[in-house]
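**Student:** turn this into a model:
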Amino acid sequence: MIKDITTNEIILLAYNELPPDEHRDILQKINENKALKSQYEAILEDMKTLDTAFTSPHPTSVEIIKEESCSSSSLEMI
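**Tutor:** Here you go, the predicted model:
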């Protein structure tokens, strides 16, 4: 049975989230199809861009979260 590859499957492939057999099959289909290969490469490029866009939270924000997590409200005790 011939099955079309979805964008979701390409994303799962890019993140190495597929079982080994499925990973191999989809990668082979992508390498045989220029449109799919282009889409796969675009997703990989987007992943690189997103990886560089990550910023750390401000230290004050971290401290506020830590303080709030340490204090428990009376409703949490019920």
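**Student:** residue 43 and residue 65, how far apart?
**Tutor:** 32 Å (Cβ to Cβ, to the nearest Å). (Each C-beta comes from the backbone N, C-alpha and C, glycine too.)
**Student:** looking at those two, which is more packed in?
**Tutor:** Shown here are residue 43 and residue 65; by other Cβ atoms under 10 Å, residue 43 has more neighbours (16 against 11).
**Student:** contacts only, for the residue nearest to the spatial centre of the chain.
**Tutor:** The centroid of the chain falls nearest to residue 15 when counting by Cα atoms, centre = their mean (6.2 Å). Each residue near residue 15 by Cβ atoms under 8 Å, 6 or more residues apart in numbering is listed here: residue 47.
**Student:** mind listing what's buried in the top helix by length along the chain?
**Tutor:** Longest helix in the chain, counting residues (DSSP state H): helix 34-53. Residues of helix 34-53 classed as buried by neighbour count (16 or more other Cβ atoms under 10 Å): 36, 39, 40, 43.
**Student:** remind me what it packs against, helices and strands.
**Tutor:** Secondary-structure packing of helix 34-53 (3 or more Cβ pairs under 8 Å, 6 or more residues apart in numbering; DSSP states H and E): helix 7-14, helix 20-32.
**Student:** in CSV, list the ones you listed along with mean neighbour count.
**Tutor:** Below are the helices and strands packed on helix 34-53 laid out as CSV (neighbours: other Cβ atoms under 10 Å):
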stretch, mean neighbour count
helix 7-14, 16
helix 20-32, 13
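**Student:** quick one, which of those helices is nearest to residue 57?
**Tutor:** helix 7-14 (26.3 Å; Cβ to Cβ).
**Student:** so how far is the closest one from its chain's centroid?
**Tutor:** 10 Å (Cα atoms, centre = their mean, to the nearest Å).
**Student:** ok, now stretch 53-61?
**Tutor:** 20 Å.
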